[in-house]
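In: let me see the structure of the following:
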Amino acid sequence: MYEKLLKVVANLGSPKVLVVGDFMLDVYVYGDALRISPEAPVPVLKVCRTDYGCGGAGSVAADVAALHGTAYCLGVIGNDRNGEILMRLLGEAGVETGGLLVADDNRPTISKQRLIGLAQHRHRQQLMRMDQESSEPLSDAQYGKILESYEQLLAKADIVCLQDYNKGLLSEEICSQMIKLGRESGKSVLVDPCLTRDFSKYTGASCITPNRKEASAAVGFEITSADTAASAAERLAETLHIEAVVITLDCDGAYLKTGQVAEIVPTRPRSVYDVTGAGDTVLATLAVALAAGVDHKTAVQLANIAGGIEVEKFGAATVTIEEIINEIIADNRGKAGKVRALDDLLHELKWRRTQNQTIVFTNGCFDVVHRGHIEFLKFCKGQGDIVVVGLNSDGSVKSIKGPQRPINNQYDRAAVLAAMESVDYIVVFDEPEPLNLVRKVRPDVLVKGRDWAEKGVVGREFVESYGAKVVLAPLVEGKSSSSVIEKMKSLWKKF
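Out: Have a look, this model is predicted:
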């Protein structure tokens, strides 16, 4: 699963996602709580900064862009300063904003302003949230323009996300038409529903992603266990004719119901800092993954990871491909073993470098391991944090040593190396020389034995070109695989 998740994340590409819904501006006003007001028993905040972020469907669009997707926005904003700020933020995030309709002066940009109290410039605590919004339905002319834009943008998109906060845009009629048009065009339509007892307007969607509270309200009973989650998902799938139901269950992961899968997809417990934006991140990750052709279960696994990263941040924060890769590697470090495929190794080394660890590389046949090998690899470990051994394949050993070698096949040789504390990773390569492997690993330190001083260390010029170094290790006199093998042959002849 580790290797599969890494491969999937690295190959998501740049799906085109149409994000329709209630676009909002998140405002965070930070202030030091220095004293209690003499007018009332409340803290006085001395404002030190104000931050702005994309909220609601804007958060979904920003998340899609952070995952290297292309997000097309469709919604309504106000003719006001908050609308200008939101448009600027979406543009800076790399989002396509041509589908955002500017409403009349009576409809403000939806904004959520949070007052954040600080103690000694830290220890953030939300004290109050003030919302500015209108949840009245749009005019018939505005709905008509929204549908016209929807059909135009639908032709460009690979998948559709409907992010419903019940603020007047996704009315029952509009929602139904968008789902119908999306499915007729062969595009999947994902829905993050609002908190309501009636989900009927989402009938026919491809996938719906309610949280525990929203799903409980829609089915009429509390979701408190795997069994109740299964019952809720089954009911939603049947009554709404939906292909996939994903009920997010906070620390318990998510319950996935499709025609082939019905199970809880677990997640790692988190130190939750702020749940704001977690649902947006889950929806965006599912959309990007499904648009890339990923199966539902793997898409939910990635969404769990992304949502988990998001809740450990403050506010509605985006999650990047790089963060997801780092999380997968960190969670599975040590579980995947030391012998790695090259692509998996490179992903792991990228994470290691984010931890400021020094990568040491060496290579060899390591056919009949002896004391000289042990001392050599200990020396390598002393040059940095992570030792990567390039192991010649059986074919490349034959080309170097002759048709009688290797004595031990590459799997046995790799197993022996993996048992050594001084070795962190082993990657098998087929060429007689490791230059191509050195170019891909890009080590900080390249180690070879001193007997290579005259022959010339393969890869020296390359590693020194970017500031890395080559180190020649001392050798244990009289110890080599060839000498051990010859001694064994001579002893065998005596018998």
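In: now do the end-to-end distance for stretch 244-254.
Out: 12 Å (CA to CA, to the nearest Å).
In: and stretch 306-320, by the same measure?
Out: 8 Å.
In: and if you look at stretch 461-476?
Out: By CA to CA, one end of stretch 461-476 lies 27 Å from the other end.
In: identify each buried residue in that stretch, please.
Out: Val463, Ala468, Val470, Val471, Ala473 (16 or more other CB atoms under 10 Å). For glycine as for every other residue, the C-beta is placed from the backbone atoms N, C-alpha and C.
In: ok, stretch 197-213 next?
Out: Phe199, Lys201, Tyr202, Ala205, Ser206, Cys207, Ile208, Thr209, Pro210, Asn211, Arg212.
In: name the helices or strands packed onto the helix or strand containing Leu236?
Out: In this structure, Leu236 sits in helix 226-240 according to DSSP states H and E. Packed against helix 226-240 by the contact rule (3 or more CB pairs under 8 Å, 6 or more residues apart in numbering; DSSP states H and E) you find helix 212-219, strand 244-248, strand 254-257, strand 262-265.
In: repeat the analysis, applying 10 Å as the threshold.
Out: Helices and strands touching helix 226-240, by 3 or more CB pairs under 10 Å, 6 or more residues apart in numbering; DSSP states H and E, are strand 207-208, helix 212-219, strand 244-248, strand 254-257, strand 262-265.
In: quick check, nearest of the buried residues of stretch 461-476 to Val457?
Out: Val470 (5.4 Å; CB to CB).
In: so the closest one sits in a helix?
Out: No. Using DSSP: H, G, I helix; E, B strand; the rest coil, the assignment for Val470 is strand, not a helix.
In: pretty sure it sits against Val360.
Out: No. Judged on CB atoms under 10 Å, Val470 makes no contact with Val360 at a distance of 11.2 Å.
In: buried sites along stretch 28-43?
Out: Within stretch 28-43, the residues that count as buried by 16+ other CB under 10 Å are Tyr28, Val29, Tyr30, Gly31, Asp32, Ala33, Pro43.
In: same question but for stretch 428-437, I mixed them up
Out: For stretch 428-437, burial by neighbour count (16+ other CB under 10 Å) applies to Val428, Phe429, Pro434, Leu437.
In: likewise stretch 134-144?
Out: Across stretch 134-144, burial judged by 16+ other CB under 10 Å covers Ser134, Leu138, Gln142, Tyr143.
In: where does the stretch 51-200 of the chain dip in pLDDT?
Out: Counting by pLDDT under 70, the ranges of the stretch 51-200 of the chain that qualify are 121-122.
In: just the element for Met24, please.
Out: Using DSSP H and E, Met24 sits in strand 23-36.
In: tell me the strands beside that strand, with direction?
Out: Strand pairing for strand 23-36, determined by DSSP bridges: strand 43-56 (antiparallel), strand 110-119 (parallel).
In: and the last one, how far out from the chain middle?
Out: Meaning strand 110-119. Taking CA atoms, centre = their mean, to the nearest Å, one finds the center of strand 110-119 at 28 Å from the center of the full chain.
In: let me see the contact set for the spatially most central residue of the chain.
Out: Nearest to the mean C-alpha position of the chain, counting by CA atoms, centre = their mean, stands Ile324 at 2.5 Å. Neighbour list for Ile324: 5-6, 8-10, 12, 67, 285, 302-303, 305-306, 308-309 [criterion: CB atoms under 10 Å, 6 or more residues apart in numbering].
In: out of these, which is nearest to Gly259?
Out: Ala303 (19.3 Å).
In: can you give me the offset of the strand or helix carrying that closest one from its chain's centre?
Out: Applying DSSP H and E as the criterion places Ala303 in helix 296-311. Centroid separation between helix 296-311 and its chain, computed with CA atoms, centre = their mean, is 7 Å.
In: that helix: which residues count as buried?
Out: 296, 298-311.
In: and if you look at stretch 358-366?
Out: Ile359, Val360, Phe361, Thr362, Asn363, Gly364, Cys365, Phe366.
In: ok, the first one touching Trp351?
Out: In this case it means Ile359. No. If you go by CB under 10 Å, Ile359 and Trp351 don't touch, sitting 11.4 Å apart.
In: roughly how far apart are Pro432 and Ser393?
Out: Pro432 sits 10 Å away from Ser393, going by CB to CB, to the nearest Å.
In: what residues do those two have in common as contacts?
Out: Common neighbours of Pro432 and Ser393 (CB under 10 Å, 6+ apart) are Ser399.
In: check the buried residues of stretch 358-366 and tell me the two furthest apart.
Out: It's Ile359 and Cys365 that sit farthest apart of those, by CB to CB, at 21.6 Å.
In: burial measure for Arg353, as a count.
Out: 14 (other CB atoms under 10 Å).
In: tell me the SS of Arg124?
Out: Classified using three-state DSSP, Arg124 is strand.
In: give me the nearest residue to it, chain neighbours excluded.
Out: Spatially, and ignoring its direct neighbours in sequence, Arg124 is nearest to Ile116 (5.2 Å; CB to CB, 6 or more residues apart in numbering).
In: quick one, what contacts the one you found?
Out: Per CB under 10 Å, 6+ apart, neighbours of Ile116: 28-31, 33, 45, 47-51, 124-128, 314-315.
In: also Pro406?
Out: 365-368, 392-398, 400, 412-413, 481, 485.
In: quick one: it is in a strand?
Out: No. Going by three-state DSSP, the assignment for Pro406 is coil, not a strand.
In: over to Lys156. Which of the three states is it?
Out: Using three-state DSSP, the three-state assignment for Lys156 comes out as coil.
In: run a quick neighbour tally on the residue nearest to it when sequence neighbours are not counted.
Out: In this structure, Lys156 finds its nearest non-sequential neighbour in Lys16, 5.9 Å apart by CB to CB, 6+ apart. The number of residues packed near Lys16 is 18, by other CB under 10 Å.
In: what do you get for Ala65?
Out: Ala65: 24 neighbours (other CB under 10 Å).
In: that one: what's it in contact with?
Out: 14, 17, 54, 71, 90, 92-96, 284, 288, 318, 320.
In: the helix or strand containing it vs strand 43-56, what angle?
Out: Following DSSP H and E, one finds Ala65 within helix 57-66. The directions of helix 57-66 and strand 43-56 differ by 60 degrees, with axes from the mean of the first three to the mean of the last three CA atoms, to 10 degrees as the criterion.
In: between helix 296-311 and helix 57-66, find me the angle.
Out: 110 degrees.
In: after helix 57-66 comes which helix or strand?
Out: Criterion used, DSSP H and E; the element after helix 57-66 is strand 70-77.
In: using CSV, write out every CA atom in that next one.
Out: The C-alpha coordinates for strand 70-77 follow below in CSV (Å, rounded to 0.1, in the frame of the first residue of the first chain):
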residue,chain,number,x,y,z
THR,A,70,-6.6,23.5,-12.4
ALA,A,71,-9.6,24.9,-10.6
TYR,A,72,-12.4,26.7,-12.5
CYS,A,73,-14.6,28.8,-10.1
LEU,A,74,-18.3,29.3,-10.5
GLY,A,75,-20.2,31.3,-8.0
VAL,A,76,-21.2,34.8,-6.7
ILE,A,77,-19.3,37.5,-4.9
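In: show me which positions of the helix or strand just after that strand end up buried.
Out: Counting by DSSP H and E, the element after strand 70-77 in chain order, helix or strand, is helix 81-92. For helix 81-92, a neighbour-count test (16+ other CB under 10 Å) marks Asn82, Gly83, Ile85, Leu86, Met87, Leu89, Leu90 as buried.
In: many thanks, I have nothing further to ask.
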